[in-house]
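**Student:** Have a look at this prediction, sequence included:
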Amino acid sequence: MAIRFEDVNEDLRRIVLSGRLDTAGSDEIARQFAELTQSAKGVVVYLSEVRFLSSMAIGVLIKGAKSVQAMGGRLALHVAENEVIIRTLESTGIDGLIPTFRDALDAERAVLK
Amino acid sequence: MSPSADQPLAALTIRADIRDARRASSWLESAALAENVPPEQVVRLDHCLDEALANVIRHGGPAALSSAVHLQFGVRRSAGARTAELSVSDGGVAFDPSTHDVFAPHPTSLADAMPGGLGLRLIRHCSDNLSYRHSQGRNHLTITVSWVDPA
């Protein structure tokens, strides 16, 4: 489980999550993720390298998306072809609340609109 | 765990502690792969275990945190199908997730979405059956996952 980020410019932040975001893993990244989403930037969260997404991890994503939205920004998810993660997001309905994209450029365009 | 399991049971006892949940996941993966459970079914079981243990730790109360959690795993074979059963026994507050309503409509906007409450939905989504009993002060939850066995 790891979290890293890159500020592409003043309007776009990329947050890359990887590994196992089970309950324990989500707990470990929650604080840093919250700090990185307290911004009015467009934020794309890359989930293509995540191999397990728990309900707590989804809660972390929801909190982050709300935080970005409250500051006037947008947050989107990039899932690539990660079918395990796509199924988890679909089963909880989160893909209908947070814009979710298989294509990274589409995700970045969505938060910059 | 069903006494009709074809294979010897695998068992593990852990603390109701988030750090032990990782150990439980590793144990489950090893036990399931030893029984040739397909990887996609292992993922389903792993999700159920992680969420079940999270519920015990978060909502089971002081009794849960001071009691051991007992896990058992086994696989049954029937005509054309195999069934994996994972049992989770804890000493927390009595709670039957098999009857809890998780099929309320999804929120329609981010503003309405709550960060919590998704664990039971994931357990129900990832399992084919849940059975529950409460006896001698302990919750006993059995999670069942089935798949077609081409052999």
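**Tutor:** Arrived safely.
**Student:** So which bits of chain A are right by chain B?
**Tutor:** Contact residues (CB under 8 Å from any CB of the partner chain) of chain A with chain B: A:22-24, A:27, A:52, A:54-56, A:58-60, A:62-63, A:65-66, A:69, A:84, A:88, A:91-94, A:96-98. All C-beta atoms are positioned from the backbone trio N, CA, C, and that covers glycine.
**Student:** I'd say A:Tyr46 and A:Phe5 touch.
**Tutor:** No - assessed by CB atoms under 8 Å, A:Tyr46 is found out of contact with A:Phe5, at 9.8 Å.
**Student:** Which one of the two is surrounded by more residues?
**Tutor:** For the pair A:Tyr46 and A:Phe5, the greater number of neighbours falls to A:Tyr46 (21 against 17), based on other CB atoms under 10 Å in any protein chain shown.
**Student:** Give the burial count for the residue of chain A found nearest chain B, as a bare number.
**Tutor:** Relative to chain B, the nearest point of chain A is A:Gly93 (3.0 Å; CB to the nearest CB). Each residue near A:Gly93 was counted by other CB under 10 Å, and the total is 16.
**Student:** returning to that earlier point: out of the residues of chain A next to chain B, which are inside helices?
**Tutor:** Counting by DSSP state H, those place A:23-24, A:27, A:55-56, A:58-60, A:62-63, A:65-66, A:69, A:84, A:88, A:91-92 in helices.
**Student:** still on that earlier bit, what sits against the residue of chain A closest to chain B?
**Tutor:** Contact analysis of A:Gly93 by CB atoms under 8 Å, 6 or more residues apart in numbering or on different chains lists B:106-107.
**Student:** now the angle between helix A:55-70 and the helix or strand of chain B with the lowest mean pLDDT, please.
**Tutor:** Using mean pLDDT, DSSP states H and E, helix B:119-126 stands out as the lowest-scoring helix or strand of chain B, at a mean of 92. Counting by axes from the mean of the first three to the mean of the last three CA atoms, to 10 degrees, helix B:119-126 lies at 120 degrees to helix A:55-70.
**Student:** Generate the PyMOL command that creates a selection of the buried members of the ones in helices among the residues of chain A next to chain B.
**Tutor:** The PyMOL selection below is limited to those of those classed as buried (16 or more other CB atoms under 10 Å in any protein chain shown):
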select buried, chain A and resi 23+24+27+55+56+58+59+60+62+63+65+66+69+84+88+91+92
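**Student:** B:Leu130: what secondary structure?
**Tutor:** Following DSSP: H, G, I helix; E, B strand; the rest coil, B:Leu130 is assigned to strand.
**Student:** residue in chain B nearest to chain A?
**Tutor:** Residue of chain B nearest chain A, by CB to the nearest CB: B:His106 (3.0 Å).
**Student:** moving C-terminal of the longest helix along chain B, what's the next helix or strand?
**Tutor:** With secondary structure taken from DSSP H, chain B has its longest helix at helix B:39-59. Sequence order places helix B:61-65 as the next helix or strand after helix B:39-59, per DSSP states H and E.
**Student:** Need the residues that contact that next one.
**Tutor:** Defining contact as CB under 8 Å, 6+ apart, one finds that helix B:61-65 is touched by B:16-17, B:56-57, B:90-93, B:137.
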